[in-house]
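Asker: below are the sequence and a predicted model; questions follow.
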Amino acid sequence: MSNTRLITGDAVKQMQEIDSSSIDLIIADPPYNLGKNYGNNYDAKKFDEYLSFTNSWLQQAHRLLKYNGTVYVFMGFRFISYLFNILERDLKMYFRNWIVWHYTQGIGKTKGFSPRHDDILMFTKSDEFKFNLDAVRVPQKYYRERNNMRGANPGDVWEFSHVHYCNGNRQNHPTQKPEGLIERMVLASSCKGDRVLDPFSGSGTTLRVCQQLKRDCIGIEINSDYVKMTQKRLSEPFKGFDSVDPRMERVPLDLRRPDIRDEYLENHKKWFLSNHENAMKKFVQSVESVYGDQSSKQLSLFE
């Protein structure tokens with residue numbers, strides 16, 4: 001069982017109370033300073049005030065991370081260059097990836113191009129860091145014997161749908177992140193029993209994901225209403241994460257040899273769709289559309 005701890009309070013002040021070098025992974029989705037209403041506080045600091053706030057919590061994040069720890073930070077376009085500068089030049093952290101979260105629906109503009117992505121920076125505290133590639137591979141489009149049947153690196157452009165208002169897991173929060181998006185970070189950069197911190201817990205997605213993936217997690221949230229909402233969310237039965245990379249639902253082409261196809265289908269569920277029971281139906285449809293009834297015996301594994 002994982003240990004989840006949810007703290008009500010200011011991120012910087014509460015982070016100061018946590019022991020140095022005690023956190024394996026930090027996933028942070030701070031306010032972007034775009035004027036959004038988060039209930040009891042508005043996301044509308046003056047430019048220099050916001051940079052000072054960013055610098056303060058990042059310094060704490062650096063202190064808290066273990067030597068081999070990793071931080072992922074969501075950030076809007078206006079401040080991401082400043083964030084990068086603090087992480088790399090001021091804190092001397094190691095840049096790993098600039099991840100693009102691509103989504104298909106968003107704000108519609110009549111002048112200029114509508115935004116369809118968010119940016120996520122991945123930095124590590126040192127040149128030694130955890131990265132569990134096998135835990136986050138995606139199915140290949142084509143199977144070739146020289147390739148790893150286990151799947152391919154997902155790359156740095158991630159497609160996950162927003163958690164739409166019709167989704168049963170939708171919370172009353174303006175910037176709720178998809179569970180599948182957070183799942184990839186947790187699986188890639190931590191192991192079971194590791195300690196994860198989300199200093200801006202919001203709707204509680206990171207805590208919910210860690211709860212299911214058997215990581216200990218600390219969440220900090222300034223809005224007491226969101227804390228109560230998260231506590232309720234953590235107590236609800238788990239029916240599968242609310243989002244999945246669409247590539248996880250596809251079956252590789254060229255699995256014509258029955259022995260290779262049978263082996264692959266037996267492993268697909270545990271490799272790619274663990275915690276995603278709600279994606280099984282689409283995967284079965286993909287198999288049937290490519291291979292017809294040749295794999296009916298193997299498809300029974302997904303029922």
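Answerer: Arrived safely, thanks for sending.

Asker: how about stretch 45-59: buried residues?
Answerer: Buried residues in stretch 45-59, counting neighbours by 16 or more other CB atoms under 10 Å, are found at 50-51, 53-55, 57-58. From N, CA and C alone the C-beta is placed, and that goes for glycine too.

Asker: ranges for the strands of the protein?
Answerer: Using DSSP state E, the strands of the chain run over 4-8, 23-28, 65-75, 94-102, 117-124, 157-159, 195-198, 216-221.

Asker: let's see the fifth one as PDB, backbone CA atoms only.
Answerer: Listed in PDB are the C-alpha atoms of strand 117-124, where the atom choice follows Å, rounded to 0.1, in the frame of the first residue of the first chain:
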ATOM      1  CA  HIS A 117      -0.300  22.000 -26.300                       C
ATOM      2  CA  ASP A 118       1.300  22.500 -22.900                       C
ATOM      3  CA  ASP A 119       5.000  22.400 -22.200                       C
ATOM      4  CA  ILE A 120       6.700  20.300 -19.500                       C
ATOM      5  CA  LEU A 121      10.400  20.600 -18.500                       C
ATOM      6  CA  MET A 122      12.200  17.600 -17.200                       C
ATOM      7  CA  PHE A 123      15.400  18.200 -15.200                       C
ATOM      8  CA  THR A 124      17.400  16.000 -12.900                       C
END
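
Asker: which strands or helices does that strand pack on?
Answerer: When contacts are defined as 3 or more CB pairs under 8 Å, 6 or more residues apart in numbering; DSSP states H and E, strand 117-124 sits against strand 65-75, helix 80-85, strand 94-102.

Asker: and the helices in the protein?
Answerer: 11-15, 47-64, 80-85, 133-136, 179-189, 205-213, 224-235, 258-272, 280-291, 296-299 (DSSP state H).

Asker: send the alpha carbons of the fifth one over as CSV?
Answerer: Output in CSV follows, covering the C-alpha atoms of helix 179-189 (Å, rounded to 0.1, in the frame of the first residue of the first chain):
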residue,chain,number,x,y,z
GLU,A,179,-4.0,10.7,-15.1
GLY,A,180,-2.3,8.9,-18.0
LEU,A,181,0.0,11.9,-18.4
ILE,A,182,1.1,11.9,-14.8
GLU,A,183,1.3,8.1,-14.9
ARG,A,184,4.0,8.2,-17.5
MET,A,185,6.1,10.6,-15.4
VAL,A,186,5.7,8.5,-12.2
LEU,A,187,6.5,5.2,-14.0
ALA,A,188,9.5,6.6,-15.9
SER,A,189,11.2,8.4,-13.0
